[in-house]
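In: Fold the following, please.
(chains A and B)
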Number of protein chains: 2
Amino acid sequence: MDAPAAPRRSLDRWGFEGERFEVPPPLAAWLAQRLGESEPGAPAGRAAPPPGRPLPELPAATSIDPADRLAHSRGRGLTDLIRLRTGTVPALPDAVVRPADHGQLADLLNACARHGVRVVPWGGGTSVTGGVNPRPDGRPLVTVDLEQLSGLLDLDLEAGLARFAAGTPGPAVERPLARRGLTLGHFPQSWELSTVGGWVATRASGQESLRYGGIERLLAGVELIAPGGRLRLAAQPATATGPDLRQLVLGSEGRLGVIASATLRVSPLPERHEVRAALMPGWPEGLLAVRELVRERLPLSLLRLSDGPETAAALAVGLAGRRLAAALLDRLRARRGGGSLLLYGAAGDRRRVAGALARCRTVLRRHRGLPLGAGPGRRWLADRFRHPYLRDALLDRGVAVDTLETAAPWSGLEPLAEAVRGALESAAARAGERCVVMTHVSHPYPDGASLYFSFFFRCPVDPDAACARWAQLK
Amino acid sequence: MDAPAAPRRSLDRWGFEGERFEVPPPLAAWLAQRLGESEPGAPAGRAAPPPGRPLPELPAATSIDPADRLAHSRGRGLTDLIRLRTGTVPALPDAVVRPADHGQLADLLNACARHGVRVVPWGGGTSVTGGVNPRPDGRPLVTVDLEQLSGLLDLDLEAGLARFAAGTPGPAVERPLARRGLTLGHFPQSWELSTVGGWVATRASGQESLRYGGIERLLAGVELIAPGGRLRLAAQPATATGPDLRQLVLGSEGRLGVIASATLRVSPLPERHEVRAALMPGWPEGLLAVRELVRERLPLSLLRLSDGPETAAALAVGLAGRRLAAALLDRLRARRGGGSLLLYGAAGDRRRVAGALARCRTVLRRHRGLPLGAGPGRRWLADRFRHPYLRDALLDRGVAVDTLETAAPWSGLEPLAEAVRGALESAAARAGERCVVMTHVSHPYPDGASLYFSFFFRCPVDPDAACARWAQLK
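Out: Numbers count the residues shown, from 1 in each chain, chains lettered A, B, ... in the order given. Next up, the predicted model:
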């Protein structure tokens, strides 16, 4: 195979071993000012995991190695990291099983069903919602790692359809497509780690969903394997007969069976992809501009609007460069409510990208937006898959951050955002703490948009206390 | 209310009483040459319908008037028209029930469930797939006509969401929206007659789906009433949790319950909507051009490509005007395989429409397309809801026409079209008859397109023989 040797996954942090995104001192200072000084996180703990329960013989490679079981014991949500770092993971799979092909996967699921063994499918293991965590329960449980079901299986160039095995991670999706001048265009923040099957099971959206759509638009066909049999939904451009069963599999989170392969709609690789930034006078003006732009049906790939706190943090992280940031921060301080950073991107040939960006600038100026040039967009593109590493660096310093996501119609967006911010702040206040809440809109639609919240709080050193504070806020 | 007095529905033909689309003599001659001379259809028959079975008292206005029951006995498929015209409808509802509001609808469904009365929901009654036809069966059956559940219920201008009662027909959807500069943009051929609930239940697509999407993209929220309770799916711009239950309701054809209301995504009414025509040298060149145009993501509203026979028929019907048609027909005869008529439309402001149409012309010329000016598009737009009336006029002359629709990836489109044409022609040949098959592509997607077949055959005068021939072909 042509894939370069994969770097090793970190056992108790996001992503790959050795990869870091250190906390820029201005961000550390900005957070300390708002949350109070924090204590460094607990030193790494390692408890030897208890031995697994006995299992029947299973028809696929089965590992009961404690390190392997520990590596498959948690996703990468905040409490997962806290538990992994402190060696306090409450439940592990009894084994990690790696089927070699679809036949083995089917046999394995049948054997597990026969013997009452519970199954957790595992793609990239990046779930932040507990989707891959075993629940403590008397019955034996195996985690089925799909890493051997990987790669491009079929490519129909005429129809623009590519079938991938479920365990294929993002880079292994884009590499064979790029060689043929194609792209899937699905870039969630976990792209380097997460897999095709996981995208479908969790109904994922990527950062360029404005152009390519979320996975629910990219999915043309799917194959699901369950103990009772297989569900093969052939690739269909559209259907007038309902229900659309693909929409049942999308977001099914492993409840219906294990996704074995997916046929995805691919697009020509755009000649250019450019991301620009502008500073809007405030969040309300930014929302109006985003709504107007998305309704214009311009060939945009990305519209991402940060509220005041996230804008300040982005500038502190260095998104706009040091000198521009200092000037902007002064400007923001002078304005009530703070400014709102807008990232906007366009993809396509040179002429259409230039046209779309120019049209954007016109609309943004009408909403009193200040163009910030090409630097911030370039920096954001370069770092977009590295941002999750910042969470570990903050945790090292005793600051926890988790996220919440929802969506609402335009008319309900601001009241909902205010309600969530208020709920988080008052939950923190009840614990005598403070909470910094940042918000952005990154998936706008003609009728509404997603709301993505990041909330920061001081993380107690004791893991149980840390998880309890998290649960209070969440 | 502001709705003008509705014209009366015809009892045994498509649409409104008095509305006609006569067979143009060149089309009659063209068909006779290919099918042989046909006998005029059977004279209208009227048998008094048998009395309905006894029903329990139902909590909504209940009509057992024979004419009302007959008017609700069939949709408007070919065999429906044959049965209605000849007075040989095999099964009628035992009553037509018209609930006055959602509460009555819920009570009615509960009462029917309690008493074992079957229910057929009725919106516009335009189904061509037997969806509203009672099946003969010992148990009593009522047809629930939703005509009193009609109109705009809520309008959220900021989010662009409009909630309509299920029984609202197309014009009553567009009228209140147009007054506020909005449009739903959903224009199926049955638009003047069919209803919001029917569009959702049948997962319908309109003629401008390229711009607005089919009903599955327009539907933001839906309310379904079933004997067991109500299912209210609130308007959501998107969701990352699956399954998407809206996609279960879409195309559910009444199996899950009766759709009571739908919240739909509305758009600004475009300043202009222009449809142009071009003559492509043949179907294969036309398909390549359509695929290229749809992948360019231009702001097009419509791309509709007819094969050789449909192009000839369209010219015979007068789409291109008499003089242009004669010149084109000569030209077509000189070419092997015949030409392929392409209709393409764009909507938006003047500048964007002009830009999109100009870009289309460039692509079409590269595929050796011949622009036909603005006349054919104007004529098509003027007549687009009148075309189904032609079916009745043909039936008066003894020529039957029915349609088939499917979709396939681009790579499988032409083999599938050939297979369907071949199957229809050989089924006709087995009966010693001929069959004219016309094909068009009207819903193109990046990965494939719909295929719409119209097939014409001589209709035996005897209704049983006519239905048998239809069944053989279908």
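In: Contact residues of the stretch 201-350 of chain A facing chain B?
Out: A:202-205, A:214, A:216, A:220, A:235-244, A:247-253, A:265, A:267-268, A:295, A:297, A:299, A:348 (C-beta under 8 Å from any C-beta of the partner chain). (Each C-beta comes from the backbone N, C-alpha and C, glycine too.)
In: Would you mark the buried spots in the longest helix along chain A?
Out: If you go by DSSP state H, chain A has its longest helix at helix A:410-430. For helix A:410-430, a neighbour-count test (16 or more other C-beta atoms under 10 Å in any protein chain shown) marks A:410-413, A:417, A:420-421, A:424-425, A:427-428 as buried.
In: Just put those in JSON lines and tack on distance to A:Arg9 and pLDDT.
Out: Converted to JSON lines, the buried residues of helix A:410-430 look like this (distance: C-beta to C-beta, whole Å; pLDDT from 0 to 100):
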{"residue": "A:Trp410", "distance to A:Arg9": "40", "pLDDT": "93"}
{"residue": "A:Ser411", "distance to A:Arg9": "43", "pLDDT": "91"}
{"residue": "A:Gly412", "distance to A:Arg9": "40", "pLDDT": "91"}
{"residue": "A:Leu413", "distance to A:Arg9": "37", "pLDDT": "92"}
{"residue": "A:Ala417", "distance to A:Arg9": "35", "pLDDT": "94"}
{"residue": "A:Val420", "distance to A:Arg9": "32", "pLDDT": "95"}
{"residue": "A:Arg421", "distance to A:Arg9": "34", "pLDDT": "95"}
{"residue": "A:Leu424", "distance to A:Arg9": "31", "pLDDT": "95"}
{"residue": "A:Glu425", "distance to A:Arg9": "35", "pLDDT": "94"}
{"residue": "A:Ala427", "distance to A:Arg9": "33", "pLDDT": "94"}
{"residue": "A:Ala428", "distance to A:Arg9": "32", "pLDDT": "94"}
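In: and which of those is nearest to B:Ala374?
Out: Nearest to B:Ala374 among the buried residues of helix A:410-430, counting by C-beta to C-beta, is A:Trp410 at 36.8 Å.
In: Could you look up the SS state of the closest residue to the closest one other than its chain neighbours?
Out: Of all residues not flanking A:Trp410 in the chain, B:Ala159 sits nearest, at 4.5 Å (C-beta to C-beta, 6 or more residues apart in numbering or on different chains). Secondary structure, DSSP: H, G, I helix; E, B strand; the rest coil: B:Ala159 is coil.
In: what separates B:Ala159 from A:His72, distance-wise?
Out: Using C-beta to C-beta, to the nearest Å, we find B:Ala159 at a distance of 42 Å from A:His72.
In: What distance do you get for the closest residue to chain B within the stretch 51-200 of chain A to B:Arg295?
Out: Residue nearest to chain B within the stretch 51-200 of chain A: A:Ala159 (3.4 Å; C-beta to the nearest C-beta). In this structure, A:Ala159 and B:Arg295 are 11 Å apart, going by C-beta to C-beta.
In: ranges for the helices of the stretch 1-150 of chain A?
Out: A:25-35, A:66-71, A:78-85, A:102-115 (DSSP state H, counting those that start in this stretch).
In: okay, those helices in a markdown table with mean neighbour count and distance to chain B next?
Out: Below are the helices of the stretch 1-150 of chain A laid out as a markdown table (neighbours: other C-beta atoms under 10 Å in any protein chain shown; distance: least, C-beta to the nearest C-beta, whole Å):
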| stretch | mean neighbour count | distance to chain B |
| --- | --- | --- |
| helix A:25-35 | 16 | 28 |
| helix A:66-71 | 18 | 26 |
| helix A:78-85 | 23 | 18 |
| helix A:102-115 | 18 | 20 |
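In: In CSV: those, plus mean pLDDT and distance to A:Gly375.
Out: Formatted as CSV, the helices of the stretch 1-150 of chain A follow (pLDDT from 0 to 100; distance: least, C-beta to C-beta, whole Å):
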stretch, mean pLDDT, distance to A:Gly375
helix A:25-35, 92, 17
helix A:66-71, 94, 39
helix A:78-85, 94, 31
helix A:102-115, 96, 47
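In: the more surrounded of A:Ala159 and B:Arg295?
Out: A:Ala159 (25 against 16; other C-beta atoms under 10 Å in any protein chain shown).
In: just checking, that one touches B:Tyr445?
Out: No. Between A:Ala159 and B:Tyr445 there is no contact under C-beta atoms under 8 Å: 9.7 Å.
In: Run the chain-centre distance for the helix or strand where A:Glu223 lies.
Out: Element membership of A:Glu223, judged by DSSP states H and E, is strand A:219-226. Centroid separation between strand A:219-226 and its chain, computed with C-alpha atoms, centre = their mean, to the nearest Å, is 22 Å.
In: and if you look at stretch A:393-408?
Out: 12 Å.
In: residues touching A:Pro140, list them.
Out: Neighbour list for A:Pro140: A:52-55, A:94, A:115-118 [criterion: C-beta atoms under 8 Å, 6 or more residues apart in numbering or on different chains].
In: Give me the buried subset of those residues.
Out: For these, buried by 16+ other C-beta under 10 Å: A:52, A:55, A:94, A:117-118.
In: can you list these in TSV and add distance to B:Leu288 and pLDDT?
Out: Shown next, in TSV, are the buried ones among the contacts of A:Pro140 (distance: C-beta to C-beta, whole Å; pLDDT from 0 to 100):
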residue	distance to B:Leu288	pLDDT
A:Gly52	58	90
A:Leu55	56	95
A:Asp94	56	96
A:Val117	53	96
A:Arg118	51	95
